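>>> The following block contains a protein sequence and its predicted model.
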Amino acid sequence: MNVSTDPMLEGTPLIKPSTTDHPLYEAAVEACRSVHDPEIPVNIYDLGLIYTIEISDDNKIEIAMSLTAPGCPVAGEMPGWVADAVSAVPGVQSVNVELIWEPQWGMDMMSDEARLELGFM
């Protein structure tokens, strides 16, 4: 029997979990919902582009996000839009947005609201 030592096969999540129990979490999500992909009429949170919102005890926020495609024309700008939106939330000390490509974004990451808005439901 071949036993794999690959941590990806040992139950490590592909996407780091968000800090959903932090008091600033919902406000950070709403701030992310205020940012829209200019090519798609749906906010980036419901599109599934925000992978992780991690909030420390001292209210510093780390966001991992992706884009619908690596060649997205606003790839260089969108992380800044997200950082600006979340930085405006009262109580937030700092925001760092990291653009990641693994796992690759897919249409299955969209919320039901986004699927409905785009006519996929």
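Ah, there it is. Numbering: from 1, shown residues only.

>>> Going by C-alpha atoms from here, please, whenever you check contacts or count neighbours.
Fine.

>>> pLDDT-wise, which helix or strand of this protein ranks last?
Lowest by mean pLDDT, DSSP states H and E among the helices and strands of the chain is helix 112-117, with a mean of 89.

>>> That one packs against which elements?
The elements that helix 112-117 packs onto, with contact taken as 3 or more C-alpha pairs under 8 Å, 6 or more residues apart in numbering; DSSP states H and E, are helix 44-47.

>>> Return the distance of the helix it packs on from the chain's centre.
8 Å (C-alpha atoms, centre = their mean, to the nearest Å).

>>> Please work out which residues outside whichever helix or strand comes after it touch it.
For helix 44-47, the following helix or strand on the C-terminal side (DSSP states H and E) is strand 50-55. Defining contact as C-alpha atoms under 8 Å, 6 or more residues apart in numbering, one finds that strand 50-55 is touched by 15-19, 22, 24-25, 28, 32, 44, 61-66.

>>> got the buried residues for the least confident helix or strand of the chain?
Applying a neighbour-count criterion of 16 or more other C-alpha atoms under 10 Å, one finds 114-115 buried in helix 112-117.

>>> Strand 50-55 and whichever strand or helix holds residue 28, what's the angle between them?
Per DSSP H and E: residue 28 is located in helix 25-33. Orientation check (axes from the mean of the first three to the mean of the last three C-alpha atoms, to 10 degrees): helix 25-33 against strand 50-55 gives 140 degrees.

>>> on contacts alone, who are the packing partners of helix 25-33?
For helix 25-33, the elements it packs on are helix 44-47, strand 50-55, helix 78-87, judged by 3+ C-alpha pairs under 8 Å, 6+ apart.

>>> Just want the angle from the longest one to strand 50-55.
With the same axes, to 10 degrees applied, the angle from helix 78-87 to strand 50-55 works out at 40 degrees.

>>> In the sheet, which strands lie alongside the helix or strand just after helix 78-87, parallel or antiparallel?
Read in the C-terminal direction, the helix or strand following helix 78-87 is strand 94-99, with elements assigned using DSSP H and E. With DSSP bridges as the test, strand 94-99 is paired with strand 60-65 (parallel).
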